[in-house]
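Visitor: Build me a structure from this.
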Amino acid sequence: MRSLRLAAATVACLSAVALLSACDPDGTDSGDSAASAAPAASSPAAPTSGGAKSPAPAKSSAGAAGAADRLPAGVWIDPKAVPMNSALHWKAPASAAKPLGSKGQLRIETLCKIPRDASFTEVPMVETASLGAPSGDWAADETIASFGSAAKSSGRAQSAFGLLGAVAAGLKACDTTMPGATVAVSSDDSTFLAATLTVPTADGGSTEVHEYLSVQGGSVAELTLRAQLTKGSHPKTAWSAPADAGLLDTLGKTVCTALGDC
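Guide: Residues are numbered from 1 along each chain as shown. Presented below is the predicted three-dimensional model:
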């Protein structure tokens, strides 16, 4: 009987070794699970601001996060949480979401013509959604750039933090890439940024922008409200918004909850 028990134990050990060998060498799984409830990996050190070069993120590939995948509907903010919803009645962004491809940009990158850092020329999943754009008034858009759930790969979180740092530095330097622009930052941290900008347009008018950026796990979420104005004009609806902290928290946590990164 003793010899039988020893033989059984040997077989069990060999099976365990075989299972471990089937995992990736670093113990991570290269697939994504948007519904994963595993806690997020520890956030890496925040990138420096003010134009300093951010730490080089782990290289990502579209295959690692599933370039063909779409972000789950739960990543999008509740329109009731968006500034001026009571007046402008924003529609649910999930109903209008569309993919931008791996080279898709955040709205502020386009408005300020921010050059994309070579480390982030491609992001596996980038989607945007319009919440509405009444004529002569504010337009609202949400854009999400995701490297995939960071629950199984801290490198994705590092990439997302690096992207936020690079975009934040570009936003603060908008007057360099768009001469005549003005920038006023109201909230600034390694995980979020809120700012108000006025960006001149070619026709002599301007675009007034209220920008919110938040990083959670492996994704950067952006909420942009903007009004394109002719010289001397104003939006039909006077600007009104909740405190930055609450809005930024909602923006980031909505995404990380849907992707299992919180």
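Visitor: separation between Lys255 and Ser102?
Guide: No Lys there; residue 255 is Val. 18 Å (Cβ to Cβ, to the nearest Å). All C-beta spots, glycine's among them, are computed from the backbone N, C-alpha and C.
Visitor: So between these two, which is more surrounded?
Guide: Between Val255 and Ser102, Val255 has the larger neighbour count (other Cβ atoms under 10 Å), namely 28 against 17.
Visitor: Now for the residue most central in space within the chain: which residues touch it?
Guide: Closest residue to the average C-alpha location of the chain: Val220 at 1.4 Å, with Cα atoms, centre = their mean. Residues in contact with Val220 (Cβ atoms under 8 Å, 6 or more residues apart in numbering) are 106, 144-146, 160, 163-164, 167, 213-214.
Visitor: next one: Gly170
Guide: Neighbouring residues of Gly170 by Cβ under 8 Å, 6+ apart: 108-109, 112, 114-115, 177.
Visitor: Lowest pLDDT pick from those?
Guide: For these, the weakest pLDDT value sits at Pro115, with 92.
Visitor: Assign a three-state SS to it, would you?
Guide: coil (DSSP: H, G, I helix; E, B strand; the rest coil).
Visitor: That one: how many residues sit nearby?
Guide: 10.
Visitor: Next: the one 10 residues further on.
Guide: Per other Cβ under 10 Å, the neighbour tally for Met125 reads 27.
Visitor: From Ile77, how far out is it?
Guide: 17 Å.
Visitor: I figured Ala92 was touching Ile77, is that so?
Guide: No - counting by Cβ atoms under 8 Å, Ala92 stays clear of Ile77, with 9.1 Å between them.
Visitor: Comparing the two, which shows the higher neighbour count?
Guide: Ile77 (26 against 15).
Visitor: wait, isn't that one in contact with Leu251?
Guide: Yes - if you go by Cβ under 8 Å, Ile77 and Leu251 touch, sitting 5.8 Å apart.
Visitor: Between these two, which contacts overlap?
Guide: By Cβ under 8 Å, 6+ apart, the residues touching both Ile77 and Leu251 are 221, 223.
Visitor: Tell me how many other residues surround the closest residue to Ala81 other than its chain neighbours.
Guide: Spatially, and ignoring its direct neighbours in sequence, Ala81 is nearest to Thr250 (4.9 Å; Cβ to Cβ, 6 or more residues apart in numbering). Thr250 has 19 neighbouring residues, counting by other Cβ under 10 Å.
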